[in-house]
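Enquirer: need coordinates for the following:
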Amino acid sequence: MKTAVLAGCVAAAFATGANAEIMYVGSAAVTAASTACGNSATVGDYARITYRPAYPAFGNSGDSYLAYVTTRASFAMTVPANTFRAGINYSGQSVGSTLNVASRAGGITAWTQAPATPATDTSSINVTATFANFWTISGCTVSLRFNLLRVKSGPDEVLN
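Expert: Okay, the predicted model is just below:
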């Protein structure tokens with residue numbers, strides 16, 4: 001049994017590195033929100049962001065993921081087989097503080113990212129974006145500004 005556990009640990013250690021996924025984390029601020037959002041999203045709200053872009057060259061699959069996490073709720077967005085950018089749709093799921101779960105598709109009406117195409121050594125990304133049907137609320141349009149830092153994808157990786 002000990003040998004099997006040790007073999008599993010060694011295999012996991014070798015699984016990191018060049019083929020590990022690249023992710024970014026940071027904070028987001030709501031810079032605009034439509035009245036349809038009610039008090040679910042207001043200007044000045046802050047949240048934690050986790051962003052995993054679709055860049056197969058990084059070891060990531062072709063799908064992009066973005067999670068917006070507050071102290072009371074979370075909202076996860078997926079863009080299958082594409083990157084987050086203006087003019088495309090996302091599928092979203094939210095979980096509220098009362099364990100209410102909802103799903104709804106929405107649109108990305110604006111997306112400005114710097115750098116526009118990250119390289120494998122990109123340590124930070126800055127984004128301004130606007131999402132329709134935010135928090136899975138029909139008609140709720142929210143603009144966000146977020147600054148992200150890359151997370152190490154393995155114990156041997158060195159970030160600058």
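Enquirer: per-residue confidence at the residue nearest the centre of the chain?
Expert: Centroid-nearest residue in the chain: Leu66, 2.0 Å away (criterion: Cα atoms, centre = their mean). For Leu66, the pLDDT comes out at 96.
Enquirer: any idea how far it is from Trp111?
Expert: 10 Å (Cβ to Cβ, to the nearest Å). Every C-beta, even on glycine, is put in place using the N, C-alpha and C of the backbone.
Enquirer: mutual contacts of those two, please.
Expert: Residues touching both Leu66 and Trp111 by Cβ atoms under 8 Å, 6 or more residues apart in numbering: Phe84.
Enquirer: circling back: isn't the residue nearest to the centre of the chain up against Ala76?
Expert: Yes: if you go by Cβ atoms under 8 Å, Leu66 and Ala76 touch, sitting 7.3 Å apart.
Enquirer: quick one: low-confidence ranges for the protein?
Expert: Low-confidence segments of the chain, defined by pLDDT under 70: 1-19, 154-160.
Enquirer: mind jotting down where the helices sit in it?
Expert: For the chain, the helices defined by DSSP state H cover 2-15.
Enquirer: all strands of it, in order?
Expert: Taking DSSP state E as the criterion, the chain carries its strands at 23-33, 46-52, 64-69, 74-79, 88-95, 101-114, 124-132, 141-151.
Enquirer: which elements pack onto the first one?
Expert: If you count contacts as 3 or more Cβ pairs under 8 Å, 6 or more residues apart in numbering; DSSP states H and E, strand 23-33 packs onto strand 46-52, strand 124-132, strand 141-151.
Enquirer: again, but for the longest one
Expert: For strand 101-114, the elements it packs on are strand 88-95, strand 124-132, judged by 3+ Cβ pairs under 8 Å, 6+ apart.
Enquirer: now do 10 Å
Expert: strand 74-79, strand 88-95, strand 124-132, strand 141-151 (3 or more Cβ pairs under 10 Å, 6 or more residues apart in numbering; DSSP states H and E).
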